[in-house]
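Asker: Structure for the following, please:
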Amino acid sequence: MPNQLSIPFKKTYIIPIRQAVREYIHSRYSDTHPDAFRWDISHWEKLRAEATSGGVHIDRVNAMISYHAQLVFILTKLPADIGLEIPYAPAFDSSALPQSLNNLMYERAAVLYNLAALYSQLGAAEDRSTPHGLKQAIKFYQSAAGTLNYLHDSVIPQLTASLGPEDPPMEISEAFVKSLEFLMLAQAQECVWQRAVMDNYKNGLIAKLAAKVASFYSSAVRYVKDATPSIRHSFPSFWVSHLETKQLHFLAAAQYRKSLEDLEAHKYGHEIARLLEAQALAKKGYDLARRGGVAQPVQQDIKSLLDIVQRNVVRAERDNDLIYHQDVPPASALPPIAEVVMAQPLIDPGLQNPQSVVGKDAVIFGELLGWGARIAIEIYNDRRRDWISEEIQGRARRLDNALKSALEALNLPASLDALDRPIGLPPSLLKKAEEVRLESGPERIETYIRDVQALAQHVSSLLDEAMDILDQEADEDEALRQGERQISDRQPSIEANRDLVAKQQQYRAVLEQARESDALVRQKWEEWEESVTQLTWPEAELDQSIPSSTVSVGGRTNSSAPEPTAVHARALRMLLERLDDLSKARADIVARVDRLASSDDITQRIAKAASAMEQWVNVQPAMFEDILEEEMCKYDKYRVQLEDNGEKQDELLRSLKARERHAQFIQTRKEDAKVKEREIALQSLDLAYHKYKEIVRNLEEGQKFYNDFSAILSDFRALCKDYAADRRREATMLARAVDNLTLNSPHPPQEPVIDGSGPSSYAADSSNGFGFGSGEVESSRRPAPTSRAVLDLPPPDSDEWETMELPPAPHLPKRADAKRKLTRSAQKDS
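Answerer: Numbers count the residues shown, from 1 in each chain. Next comes the predicted model:
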């Protein structure tokens, strides 16, 4: 086993690229067929297969860089979430359940992570007993550090932003990646230090190189320890001990090499102080390595250094006591050892400039309109729709409502209709009644009400089904916890489904508000059903239902109003006609805006602007903001026309209310009770027509709301099904793991096999990696005492402790924390 660490790969699986891409293009690009991109999809599948398969070989580097370059371009054409679930298992536990994310940025981050892992494994595989092997290892380790640095600085921020409130996977977190980056830099610097020892560089320079090695290891340890517990526990149990051992090792090596320089400079007191400091550091590191289960070559390295330092301490103290008699300063008074940095992150040019890897002709989805441009078109359509709804349709509706309310308060035009036609129905009312009759008004409303009620029940059932799924999963989880296996090392359902339950509560509140609105509409219909039904009567029957204002004088029918009343009525009628013209003009403005919006398509202009941008630029919707604002300007004239229309209406209404015409007209009509009765009847029918239109509009809005909400709740139900399925798979995997663990636990422990003969082991190097003399090396090669692998010990106050000597631990593969606990219990029982 080598004395340096390598990063394991994140295992992945085949993903349905073809299905996800075809569905996305089919749903989002109405003018494009998925078959037009068959080559692009096949090429994507091929590149991924090449990048995610195969062993540790230098040829895989180019395959992974090429795939990453294509991913960079794909993300300029497609959003991160296209409905493609991408699974990757934890790097340090490939048998665990993979974590799947619907995020292409996660795929890009995982590819970079595996590229860094490949570089690290290539570096660990080099023969570091030769100058060429050290040179190659340095290059690979620096490339691994550069890849991790690029992942941390350029990709993780984008991944975090695309995930929203969700945390990125632990192995793609900032702390995890930075720790690995400093580990790779430390091992690259260690190789530089080893080459300096091999080439017999000056002791002072070797000390400075060793000090920087220790500094890099210290940074790697700090990032692990400062991370969250979940990130710390994702590393193997020996990982931190290895890093700390290496840190102490090279701190001691730096002090030892500096002591040799002090010896050459006749600073015998400083030599002894540094040797004592090196001895304390090496002893501390050796003890930590034995307790922490660090690899045997690492233990042998630091033990060799400790032996050599101890012999030099004895020699230096004897010489100083007998010959030199120099004072030995405390360690704190020693000048610090300056650090020399030789290892730097090396980022492959193919990562920084992916265009140089792919070129212009072989890009995937090169002919597809980018998602940023597509989103810009959708933003424009949404902005246009909202603007028309608020500034045109909403303003026109408010003006209509203001006119209707003002005329109702003045009892117009019913009072004028009663005067103009003392017998029969006014033409305006006949037209409205005919409209309601042709539409079968009452039956239409009743049908709408039934449809809305059915939709409301359907929507409510969707939400109930979603909650039934969550409840069933919670029952299964509780049964699993209380069963024979008693699996409790996973998050309980009440915590795991908290977000889904909160979303359900929000949806439930929206439904409750919708029910209240439905009840108000039904109440309104109950109040006006009789009057609206009256509008559907035949004309003759409707005419008979309206009182006549004919006055008999001496046996003659007088259908004409007195002269003052007629004068006032004509003035009011003129004002009403002008108001009616304004109302028709408003309706015409709204119709013209709707026609313009229906034919308004800025796709070609956006596509032209996007094609003018640099090909590899990640096009964002904000880049088209100037075009969107310019396109929206063509609607401004309609808003101006509508504002002018509203000002004219306000002026006419003020004239209608302020002038004495209406008051005088009412005064002249007060004495005629029959006219008053007819006015009330006509006004009631006119108001019934407006209420009919209002109720129909409310019910149509209700239908649209429930149809849209039904789609949302269908997606929510599917989300709950996926959640429950994932939880069941997780429970099945845990149950199988517990069963396997129970079957395997009685096996007798075996002595672990330690292989320290690899070319990268310090003990195998002619200079032992330290450049000591032949006598020193000879003593350092003495057989080291066999050390037991460190057990996963129980707490100090546990009854699991025994007074007898502990047996050697079996060489078990890495398992989850829960499995290790069960194993300990099984071993104790056996």
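Asker: Tally up the residues packed near residue 202, please.
Answerer: By the measure other C-beta atoms under 10 Å, the count of residues near residue 202 is 13. Quick note: C-beta positions are derived from backbone N, CA and C, even for glycine.
Asker: Repeat that for the one 10 residues further on.
Answerer: Using other C-beta under 10 Å, residue 212 is surrounded by 24 other residues.
Asker: What separation is there between it and residue 341?
Answerer: For residue 212, the distance to residue 341 equals 5 Å [C-beta to C-beta, to the nearest Å].
Asker: anything in contact with each of the two?
Answerer: Overlap of the contact sets of residue 212 and residue 341 (by C-beta atoms under 8 Å, 6 or more residues apart in numbering) consists of residue 189.
Asker: Where does the prediction get shaky in the stretch 401-550 of the chain?
Answerer: Screening the stretch 401-550 of the chain residue by residue with the criterion pLDDT under 70, one finds the ranges 411, 413-424, 483-489, 548-550.
Asker: make it 80
Answerer: Confidence mapping of the stretch 401-550 of the chain against pLDDT under 80 gives the ranges 408-429, 480-491, 539-540, 543-550.
Asker: how about the helices of it, start to end?
Answerer: For the stretch 401-550 of the chain, the helices defined by DSSP state H, counting those that start in this stretch occupy 414-420, 427-438, 441-482, 493-496, 498-535, 539-545.
Asker: who does the fifth one touch, helix- and strand-wise?
Answerer: To tie it back to what came earlier, the one meant is helix 498-535. Identification of packing neighbours for helix 498-535 by 3 or more C-beta pairs under 8 Å, 6 or more residues apart in numbering; DSSP states H and E yields helix 427-438, helix 441-482, helix 539-545, helix 673-744.
Asker: Quick one: those helices as TSV, columns for distance to residue 113 and mean neighbour count too.
Answerer: As requested, the helices and strands packed on helix 498-535 are arranged in TSV below (distance: least, C-beta to C-beta, whole Å; neighbours: other C-beta atoms under 10 Å):
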stretch	distance to residue 113	mean neighbour count
helix 427-438	68	16
helix 441-482	32	16
helix 539-545	79	12
helix 673-744	23	16
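Asker: Quick check: which of the ones you listed is nearest to residue 79?
Answerer: Using C-beta to C-beta as the criterion, the shortest distance between residue 79 and the helices and strands packed on helix 498-535 is 16.8 Å, found for helix 673-744.
Asker: can you give me how far that closest one is from the chain middle?
Answerer: 26 Å (C-alpha atoms, centre = their mean, to the nearest Å).
Asker: Check stretch 84-101 too.
Answerer: Averaged over its C-alpha atoms, stretch 84-101 has a centre that lies 17 Å from its chain's centre (C-alpha atoms, centre = their mean).
Asker: Quick one: mean pLDDT for it?
Answerer: The pLDDT scores in stretch 84-101 average 89.
Asker: tell me which residues in it are buried?
Answerer: By neighbour count, and taking 16 or more other C-beta atoms under 10 Å as the criterion, the buried residues in stretch 84-101 are 84, 86-91, 93, 97-101.
Asker: likewise stretch 574-588?
Answerer: 575, 576, 578, 579, 582, 583, 585, 586.
Asker: Among those residues, find me the one that's closest to residue 533.
Answerer: Nearest member of the buried residues of stretch 574-588 to residue 533, counting by C-beta to C-beta, is residue 583, at 26.5 Å.
Asker: Tell me the predicted confidence for that closest one.
Answerer: Per-residue confidence for residue 583 comes out at a pLDDT of 90.
Asker: Would you enumerate the residues in contact with it?
Answerer: For residue 583, counting by C-beta under 8 Å, 6+ apart, the contacting residues are 400, 403.
Asker: from now on call the first residue 20
Answerer: Sure, I'll start numbering at 20, so the last one becomes residue 602.
Asker: where's it, which helix or strand?
Answerer: For residue 602, the enclosing helix or strand under DSSP states H and E is helix 582-617.
Asker: quick one: that helix to chain centroid distance?
Answerer: Distance of helix 582-617 from the chain centroid (C-alpha atoms, centre = their mean) equals 54 Å.
Asker: what angle sits between it and helix 446-457?
Answerer: 40 degrees (axes from the mean of the first three to the mean of the last three C-alpha atoms, to 10 degrees).
Asker: Compute the inter-axis angle for helix 582-617 and helix 692-763.
Answerer: Here the directions of helix 582-617 and helix 692-763 differ by 30 degrees (the same axes, to 10 degrees).
Asker: If we go by neighbour counts, what in the helix or strand just after helix 582-617 is buried?
Answerer: Past helix 582-617, heading to the C-terminal end, the next element that is a helix or strand (DSSP H and E) is helix 622-631. Of the residues in helix 622-631, 625, 628, 629 count as buried by neighbour count, 16+ other C-beta under 10 Å.
Asker: Out of those residues, the closest to residue 311 would be?
Answerer: For the buried residues of helix 622-631, the residue nearest residue 311 by C-beta to C-beta is residue 629; the value is 55.9 Å.
Asker: wait, isn't that closest one in contact with residue 389?
Answerer: Yes. Shown here, residue 629 and residue 389 form a contact pair, counting by C-beta atoms under 8 Å, at 5.8 Å.
Asker: which neighbours do these two share?
Answerer: Listed as contacting both residue 629 and residue 389 by C-beta under 8 Å, 6+ apart are residue 638.
Asker: hmm, back to that, quickly name whichever of the buried residues of stretch 593-607 is closest to residue 335.
Answerer: Of all the buried residues of stretch 593-607, residue 335 sits closest to residue 605, with 102.3 Å by C-beta to C-beta.
Asker: which residues does that closest one contact?
Answerer: Residue 605 makes contact with 415, 418, 419, 661, 664, according to C-beta under 8 Å, 6+ apart.
Asker: Could you pick out the buried ones from these?
Answerer: So, of those, 415, 418, 661, 664 end up buried under the neighbour-count rule (16+ other C-beta under 10 Å).
Asker: Residue 134 reaches residue 166, doesn't it?
Answerer: Yes. Taking contact to mean C-beta under 8 Å, the distance of 5.1 Å between residue 134 and residue 166 places them in contact.
Asker: More neighbours: those two, which one.
Answerer: Regarding residue 134 and residue 166, a neighbour count based on other C-beta under 10 Å identifies residue 166 as having more, with 33 against 28.
Asker: how deep is residue 648 tucked in, by neighbour count?
Answerer: Around residue 648 sit 11 other residues, with neighbours defined as other C-beta under 10 Å.
Asker: now do residue 645
Answerer: By the measure other C-beta under 10 Å, the count of residues near residue 645 is 10.
Asker: Show the average pLDDT along the host helix or strand of it.
Answerer: Under the assignment given by DSSP H and E, the secondary-structure element containing residue 645 is helix 644-651. Averaged across helix 644-651, pLDDT comes to 90.
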